[in-house]
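S.K.: Here is a sequence with its predicted model. Questions after.
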Amino acid sequence: QVQLVESGGGLVQTGGSLRLSCAVSGRTVSSLVMGWFRQAPGKERELVATRSKNGEVTSYRDSVRGRFIISGDSAKGTEYLQMNSLKPEDTAVYYCAAGAAVLGGTIYNTPRNYIYWGQGTQVTVSS
């Protein structure tokens, strides 16, 4: 059974940075396709970033590309989302998600491909 636990959310001013962490147990980070999603009030859950299990392929939504970085540390069993130059529109609950794949370079852009989900962590960016 894979469990994901997010941490690192909080309140930050516009232009600030936060690093979200996702502690992964039950399987190694390098055996999973990892993704970060977010959901703002009244909006659908949207993909922020995804990373293949071999770490060679990443994808970001356009609005965060160049500001956010997804990465994983198998030794620590943790997935990260480094968020820089934060904007008020980044305010949302952020979720860590994991999925299975045969090919090492597979990434998933839709929530339905992710099997495991964390409970979410709130990120609030003040203007």
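M.R.: Okay, I see it. Numbers count the residues shown, from 1 in each chain.

S.K.: Centre-most residue in this protein?
M.R.: Trp36 (2.2 Å; C-alpha atoms, centre = their mean).

S.K.: How is that one assigned, secondary-structure-wise?
M.R.: Using DSSP: H, G, I helix; E, B strand; the rest coil, the structure places Trp36 in strand.

S.K.: looking at it, it is touching Ala98, isn't it?
M.R.: No - if you go by C-beta atoms under 8 Å, Trp36 and Ala98 don't touch, sitting 10.6 Å apart. (Glycine included, C-beta is placed from N, CA and C.)

S.K.: what's the spacing between the closest residue to Thr58 other than its chain neighbours and Ser126?
M.R.: Once flanking residues are discounted, Thr58 sits nearest to Arg51: 5.0 Å by C-beta to C-beta, 6 or more residues apart in numbering. Noted for Arg51: a distance of 29 Å to Ser126, by C-beta to C-beta, to the nearest Å.

S.K.: more neighbours, these two?
M.R.: Using other C-beta atoms under 10 Å as the criterion, Arg51 and Ser126 rank with Arg51 on top: 25 against 11.

S.K.: My read is that that one contacts Val29, right?
M.R.: No - contact criterion C-beta under 8 Å: Arg51 and Val29 do not qualify, at 9.2 Å.

S.K.: Would you mind grabbing the residues shared as contacts by those two?
M.R.: Residues touching both Arg51 and Val29 (C-beta atoms under 8 Å, 6 or more residues apart in numbering) are Gly72, Glu79.

S.K.: can you give me the strands in this structure?
M.R.: For the chain, the strands defined by DSSP state E occupy 3-7, 10-13, 18-25, 33-39, 46-51, 58-60, 68-73, 78-83, 92-99, 116-117, 121-126.

S.K.: Ok, which of the ones you listed comes nearest Ile107?
M.R.: With C-beta to C-beta as the criterion, Ile107 lies closest to strand 46-51 of these, at 4.5 Å.
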